[in-house]
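Undergrad: Got a predicted model here, sequence first, then my questions.
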Amino acid sequence: MIEIDGRIVVTDLLTERFCCDLGRCHGMCCVEGNAGAPLDEEELKVLEREYPRFRDDMTPEGRREAERQGLYVIDEEGDYTTPLIGDADCIYAYREGGVTLCAIEKAWRAGRTSFRKPVSCHLYPIRVTRFGDGSEGLNYHRWEVCAPARELGRRQGVRVYEALREAIVRRFGEAFYDEMKAAADYLDNHENL
């Protein structure tokens, strides 16, 4: 682990390979799991404000669950997450060509909303942990559904942080990303230490 801008970062984010391969994983990160995607408190109001702009991109089941559960729920640990349909799909998920995608992001791509999608989804497989003192840690979540992404990342030589550049800059800023790159370069040049 290293510290960058007051955040603890696992070095696997700088050394391991990863590149999403939707053609092979089919977007299963929006379906599998035991809870919805984590949400920052600031995103709750954004979801409420922007919902009319992406509502029609959601499935009928997703809209029904949004009406029943709301646009976010509190999980067993007291954290805000996206609601699920049963124990599977995120309410914001839809399928196109056999791939599960995000209705919020579809509206964003069409220019109907300025909200791309929850930042935790954009950052995945990076998971942000908040500590009691207010500091944060960035962890690498390894999940079997992402095995194709690890394989493609190895073939293309793309590291986790490189694959997630846009999301990292969105959440932490350009300077933080530059520090990650500098740390990765340092590790490359000193791997035998």
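TA: Cool, the structure landed. This one's a predicted model, so the numbers in the text were calculated from it and none came from an experiment.
Undergrad: What is whichever helix in the chain runs longest packed up against?
TA: Ranked by residue count, the top helix of the chain under DSSP state H comes out as helix 174-189. In this structure, helix 174-189 makes packing contacts with strand 2-4, strand 7-9, helix 12-15, helix 160-163, helix 165-172, judged by 3 or more Cβ pairs under 8 Å, 6 or more residues apart in numbering; DSSP states H and E. The way it works is simple: take the backbone N, C-alpha and C, and place the C-beta from them, glycine included.
Undergrad: so where is the protein shaky, pLDDT-wise?
TA: 33-34, 191-193 (pLDDT under 70).
Undergrad: can you map out the strands along it?
TA: Under the criterion DSSP state E, strands of the chain are mapped to 2-4, 7-9, 73-74, 80-81, 93-96, 99-102, 126-130, 136-140.
Undergrad: Could you list the residues in contact with the fifth one?
TA: To tie it back to what came earlier, the one meant is strand 93-96. Contact with strand 93-96 is made by 27, 30, 31, 57, 58, 59, 62, 100, 101, 102, 103, 106, as judged by Cβ atoms under 8 Å, 6 or more residues apart in numbering.
Undergrad: That one: partners in the sheet, and parallel or antiparallel?
TA: Next to strand 93-96 in the sheet, as set by DSSP bridges, lie strand 99-102 (antiparallel).
Undergrad: Excluding chain neighbours, what is closest to the spatially most central residue of the chain?
TA: Note on the chain: the residue nearest the mean C-alpha position is residue 121, at 2.2 Å, using Cα atoms, centre = their mean. Excluding its sequence neighbours, the residue lying closest to residue 121 (Cβ to Cβ, 6 or more residues apart in numbering) is residue 37, at 5.0 Å.
Undergrad: Is it correct that the one you found is in contact with residue 90?
TA: Yes. If you go by Cβ atoms under 8 Å, residue 37 and residue 90 touch, sitting 6.3 Å apart.
Undergrad: so what sits against both of those two?
TA: residue 82.
Undergrad: Compare these two (neighbour count), which wins?
TA: Ranked by neighbour count (other Cβ atoms under 10 Å), residue 37 and residue 90 place residue 90 first, with 27 against 24.
Undergrad: Give me the residues contacting the longest helix of the chain.
TA: Residues from elsewhere that reach helix 174-189 (Cβ under 8 Å, 6+ apart): 2, 4-5, 7, 9, 11, 13-15, 159, 161, 165, 168-169.
Undergrad: how far out from the middle of the chain is that helix?
TA: Relative to its parent chain, helix 174-189 has a centroid offset of 21 Å by Cα atoms, centre = their mean, to the nearest Å.
Undergrad: Can you report how many residues lie near residue 122?
TA: By other Cβ under 10 Å, the residues close to residue 122 number 18.
Undergrad: ok, it - contacts?
TA: Residues counted as contacts of residue 122 (Cβ under 8 Å, 6+ apart) are 116, 164, 166, 167, 170, 171.
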